[in-house]
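Peer 1: Here is a sequence with its predicted model. Questions after.
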There are 2 protein chains.
Amino acid sequence: MQEISIDGERLNRELTELAGFTQVEPSPLGTAVTRVVFTADDLRARAWLMGLAEEAGFSVRVDAVGNTFIRWEGSEPELAAVATGSHVDAIPHAGMYDGTVGVMGGLEAMRALKAAGFVPRRSIELVLLTSEEPTRFGIGCLGSRLIAGTLAPEKADGLVDLLPGAEAGSTLATVREAAGFRGSLEGVRLAVGHYDGWVELHIEQGPLLEREGLPIGIVTDIAAPAGYRFVIEGVGGHAGALLMPDRKDALCAASEVILSVEKHVLAANRASGTSNTVGTVGTCEVHPGAVNSVPSRVTLQLDIRDTDPVRREGVMQAVRTDVAEIAAARGVTIAETMVNADAPATSSEKIVAAIEVACGGARLPFKKMVSRAYHDSSFMARICPIAMIFIPCRAGVSHRPDEYASPSAIMDGTRILASTLATLASD
Amino acid sequence: MQEISIDGERLNRELTELAGFTQVEPSPLGTAVTRVVFTADDLRARAWLMGLAEEAGFSVRVDAVGNTFIRWEGSEPELAAVATGSHVDAIPHAGMYDGTVGVMGGLEAMRALKAAGFVPRRSIELVLLTSEEPTRFGIGCLGSRLIAGTLAPEKADGLVDLLPGAEAGSTLATVREAAGFRGSLEGVRLAVGHYDGWVELHIEQGPLLEREGLPIGIVTDIAAPAGYRFVIEGVGGHAGALLMPDRKDALCAASEVILSVEKHVLAANRASGTSNTVGTVGTCEVHPGAVNSVPSRVTLQLDIRDTDPVRREGVMQAVRTDVAEIAAARGVTIAETMVNADAPATSSEKIVAAIEVACGGARLPFKKMVSRAYHDSSFMARICPIAMIFIPCRAGVSHRPDEYASPSAIMDGTRILASTLATLASD
């Protein structure tokens, strides 16, 4: 084949177009994007992407949860395909690169390989995975969990719709049906070995590549994330009339829980001499939520991640000890629910080696690194060998409107993805 | 005139009917009511009340902010009228007695006096005051503040609509216009001396009357409330990738602020040997509010009350010292806005004496007491002599679906209100 030529102008134009499918207030910081799964903007983005795929001559399949498979048939279509992909959903007030670089970069890589006259032996698929972000259903990587079989279909269909203003009784089952994704979720699962390999292009969402001036990171491990919900029930009442000795204020108790999480995460980092443990309480819902009413119930959501799941569990145990003390001291009840607690993923040596070769060919220096953020690749690892390609993003910022990756960084990543897919599809 | 006969069956039926104007999920605890000012349910409740007033032969006037004046003309209509009243708006998930007992009890008192053949010398007015609750516009007693002239009309019209889902730019000015309350707020203010006296019937919202087995409380002082808003700005980012040393988590800082308020309020009570100081953080809004995003901004609303405004300010000073330390230690900014800081109100000796005489006549024992909850009477005190009549409510519970006052307690309070109005209107 000819040399692979990435059309960076087209790729960046398409990323900007995709960023327009958003419901968000303008931000002075950068291009703000809110694109929650199965909202009108998410559906518009999906339709637009399928149009581009068909224009490029690829076939499209959509499963019952909206995972979208854009396929370039290989010369030996009976062989397991190689796949790339990511997500296009975005949390409220996020940026325009998280996930989208992997989807649009994947499409561009396939188009560039085709234009270069490459004929894949194995078919190549670009997969848009549904709801990598947990915003709407409380659990991330919905599409890839279902593909991997780590989330039971009936449990998935029962997940409650957390979108503000959602109708009572709205669940994944009703929302996906309304969005036009019908049929049993049983059919979403793919067998182990369905793909010969998976490689995902993504912005780093951390500061290391930029700090070290490197264009490419090769991910060797993905940290193990866990999500928990704490519901704190106290006693409400009138803010003027309910006197302090009679109070069981759920928000005061919640404040102590939030600070306990921070304390034990910091202690774990001190003990390990690293920054490998991170813990975040990202939401705090107060009931009834009126300025003159004592909070009777607070719901917190905790996200905790570590490269070492044993250390992560150690932090949780320390938090649980505090939680029991807080509940006893304040006369409130605190119920913990584990939303998810996943295993870390390790990259395939073969795919990592293929990426290294691609970097060598393109004369792009790289480093091997750990992903501390959560990706669909964590779940694709259950059914096939995986690896990830990281590109630098400004100051490591992500999930904010000022998230930014330069056009040249995106081109570099896409070039490495295309070469890697060519190697894997020829194998 | 004949003996005053309160129709308790009608009064309680009407209270139940009024409770039906609500947008709320059912509660196993009791009759849950949510009736935020200028929502469809609030407007329906107002129309229904005006219908009852006209049916009873009273005239109705409505001002530009929706304060509604139901007037029974006296034999000397040029004299300053005597007035009673309260509010019908209810915070989210509240009960059916707060405010409504004073409005429906006021109407019943007027009807009972009329039925008994009483002819008032001074006119008697029942006033439904707009937005006693701060739910929608962030400040309580909107209608009575405007009547008293303690809130500037242009400032009031600019108050931002805090209703979830409110359109950007929605303010009191646009909301009241859409609800049909037009014209300048300048006309809402009433002159000092406009009324000869004001007496408000209300549930205690505290446990003392029930605990002591007393049917009537006569309020001699209303504690001074203050409201503050704290906006904490930290730095957001991805919950996996933003490592702990780089964090400036707004919710962790907010948690420390919440606990600081509690600590200093408790210290004030220990120092005074009383429970006269209460402080509540009732709302905590997290931005962006996603489970996998580090909180970048948190807004807290604080309500603090005391019978002694100097002690209340002392607590705030101690909180401010902590707030400055929290901001410096965490590298966040914390901006404080005073929403309101009002003076305590003292009842008129003449009206207190009239209530005492009414209790004597009805052979109902009473106690004189301080109101720790906030009432429209605090602001009516700026333009005329005031007092309040309290009735017991179960366990002192208020602002919750299990708020409860017995039919006989409501009848007792209404009987005392009617006698008091008769005395004042004859003066």
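Peer 2: Nice, I can see it. Residues are numbered from 1 along each chain as shown, chains lettered A, B, ... in the order given.
Peer 1: going forward, measure contacts between C-alpha atoms and count neighbours the same way
Peer 2: Fine.
Peer 1: Which secondary structure state does the residue sitting nearest the centre point of chain A sit in?
Peer 2: Nearest residue to the geometric centre of chain A (Cα atoms, centre = their mean): residue A:132, 4.0 Å. What DSSP: H, G, I helix; E, B strand; the rest coil gives for residue A:132 is coil.
Peer 1: Wait, it touches residue A:89, no?
Peer 2: Yes: applying Cα atoms under 8 Å, one finds residue A:132 in contact with residue A:89, separated by 6.9 Å.
Peer 1: Report the contact partners of the residue of chain A positioned farthest from its centre.
Peer 2: Ranked by distance from the centre of chain A (Cα atoms, centre = their mean), the top residue is residue A:241, with 45.9 Å. When contacts are counted by Cα atoms under 8 Å, 6 or more residues apart in numbering or on different chains, residue A:241 touches B:205, B:206, B:371, B:372, B:373, B:396.
Peer 1: Please read off the pLDDT at residue A:264 from the model.
Peer 2: With respect to pLDDT, residue A:264 scores 98.
Peer 1: no, scratch that, I was asking about residue A:218
Peer 2: 98.
Peer 1: got any ranges where chain A has weak pLDDT?
Peer 2: Within chain A, the segments meeting pLDDT under 70 span A:25-26.
Peer 1: the helices in it, which residues?
Peer 2: A:8-19, A:40-55, A:100-115, A:142-148, A:153-157, A:172-178, A:208-212, A:250-272, A:309-330, A:349-362, A:377-380, A:407-426 (DSSP state H).
Peer 1: Could you point out which of the ones you listed sits nearest residue A:123?
Peer 2: helix A:407-426 (6.8 Å; Cα to Cα).
Peer 1: and that closest one, what does it pack onto?
Peer 2: helix A:8-19, strand A:81-86, helix A:100-115, strand A:195-203, helix A:349-362, strand A:386-391 (3 or more Cα pairs under 8 Å, 6 or more residues apart in numbering or on different chains; DSSP states H and E).
Peer 1: rerun at 6 Å
Peer 2: When contacts are defined as 3 or more Cα pairs under 6 Å, 6 or more residues apart in numbering or on different chains; DSSP states H and E, helix A:407-426 packs onto helix A:100-115, helix A:349-362.
Peer 1: Could I get these in a markdown table, plus columns for distance to residue B:265 and mean neighbour count?
Peer 2: Converted to a markdown table, the helices and strands packed on helix A:407-426 look like this (distance: least, Cα to Cα, whole Å; neighbours: other Cα atoms under 10 Å in any protein chain shown):
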| stretch | distance to residue B:265 | mean neighbour count |
| --- | --- | --- |
| helix A:100-115 | 50 | 26 |
| helix A:349-362 | 59 | 18 |
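Peer 1: Okay, and the beta partners of the closest residue to residue A:200 other than its chain neighbours?
Peer 2: In space, residue A:200 comes closest to residue A:388 once its chain neighbours are excluded; the distance is 4.7 Å by Cα to Cα, 6 or more residues apart in numbering or on different chains. On the basis of DSSP bridges, residue A:388 is bridged to residue A:200, residue A:219.
Peer 1: Now do residue A:197 against residue A:426, distance only.
Peer 2: 12 Å (Cα to Cα, to the nearest Å).
Peer 1: How about residue A:145?
Peer 2: 28 Å.
Peer 1: More neighbours: these two, which one.
Peer 2: Legend: neighbour count by other Cα atoms under 10 Å in any protein chain shown for residue A:145 and residue A:426, higher for residue A:145 (26 against 16).
Peer 1: and that one, what does it touch?
Peer 2: By Cα atoms under 6 Å, 6 or more residues apart in numbering or on different chains, the contact list for residue A:145 reads A:151, A:379.
Peer 1: if I look at it, how far off is chain B?
Peer 2: 17 Å (Cα to the nearest Cα, to the nearest Å).
Peer 1: next one: residue A:123
Peer 2: Taking Cα to the nearest Cα, one finds residue A:123 at 33 Å from chain B.
Peer 1: neighbours around that residue, how many?
Peer 2: 23.
Peer 1: Could you tell me which residues make contact with the residue nearest to it when sequence neighbours are not counted?
Peer 2: Distance criterion Cα to Cα, 6+ apart; nearest residue to residue A:123, sequence neighbours excluded, is residue A:74 at 3.8 Å. Applying Cα under 6 Å, 6+ apart to residue A:74 gives the contacts A:120, A:121, A:122, A:123.
Peer 1: buried residues in stretch A:230-246?
Peer 2: A:230-244 (16 or more other Cα atoms under 10 Å in any protein chain shown).
Peer 1: Please compute how far that stretch lies from its chain's middle.
Peer 2: Averaging C-alpha positions (Cα atoms, centre = their mean, to the nearest Å) puts stretch A:230-246 37 Å from its chain's average.
Peer 1: Outline the domain layout of chain A.
Peer 2: Here the domain parsing of chain A from automatic domain parsing is A:8-223+A:344-426, A:226-341.
Peer 1: and residue B:95, which of these is closest to it?
Peer 2: domain A:226-341 (10.5 Å).
Peer 1: pull the CA atoms of stretch A:406-425 into PDB?
Peer 2: Once non-C-alpha atoms are left out, stretch A:406-425 reads as follows in PDB (Å, rounded to 0.1, in the frame of the first residue of the first chain):
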ATOM      1  CA  SER A 406      -4.100  20.000  19.600                       C
ATOM      2  CA  PRO A 407      -4.900  19.100  16.000                       C
ATOM      3  CA  SER A 408      -1.300  17.800  15.500                       C
ATOM      4  CA  ALA A 409      -1.500  15.600  18.700                       C
ATOM      5  CA  ILE A 410      -4.800  14.100  17.400                       C
ATOM      6  CA  MET A 411      -3.200  13.500  14.000                       C
ATOM      7  CA  ASP A 412      -0.200  11.800  15.600                       C
ATOM      8  CA  GLY A 413      -2.500   9.500  17.600                       C
ATOM      9  CA  THR A 414      -4.600   8.700  14.600                       C
ATOM     10  CA  ARG A 415      -1.600   7.800  12.500                       C
ATOM     11  CA  ILE A 416      -0.400   5.400  15.200                       C
ATOM     12  CA  LEU A 417      -3.800   3.900  15.500                       C
ATOM     13  CA  ALA A 418      -4.000   3.400  11.700                       C
ATOM     14  CA  SER A 419      -0.600   1.600  11.500                       C
ATOM     15  CA  THR A 420      -1.500  -0.500  14.500                       C
ATOM     16  CA  LEU A 421      -4.800  -1.600  13.000                       C
ATOM     17  CA  ALA A 422      -3.000  -2.400   9.700                       C
ATOM     18  CA  THR A 423      -0.600  -4.600  11.600                       C
ATOM     19  CA  LEU A 424      -3.300  -6.400  13.600                       C
ATOM     20  CA  ALA A 425      -5.600  -6.800  10.600                       C
END
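Peer 1: which residue packs closest to residue A:111, ignoring adjacent ones?
Peer 2: Per Cα to Cα, 6+ apart, closest to residue A:111 is residue A:56, 6.8 Å.
Peer 1: do you know how far the one you found is from chain B?
Peer 2: Counting by Cα to the nearest Cα, the gap from residue A:56 to chain B is 34 Å.
Peer 1: Can you get me a residue count around that residue?
Peer 2: 15.
Peer 1: distance of it from residue A:112?
Peer 2: From residue A:56 over to residue A:112 (counting by Cα to Cα), the distance is 10 Å.
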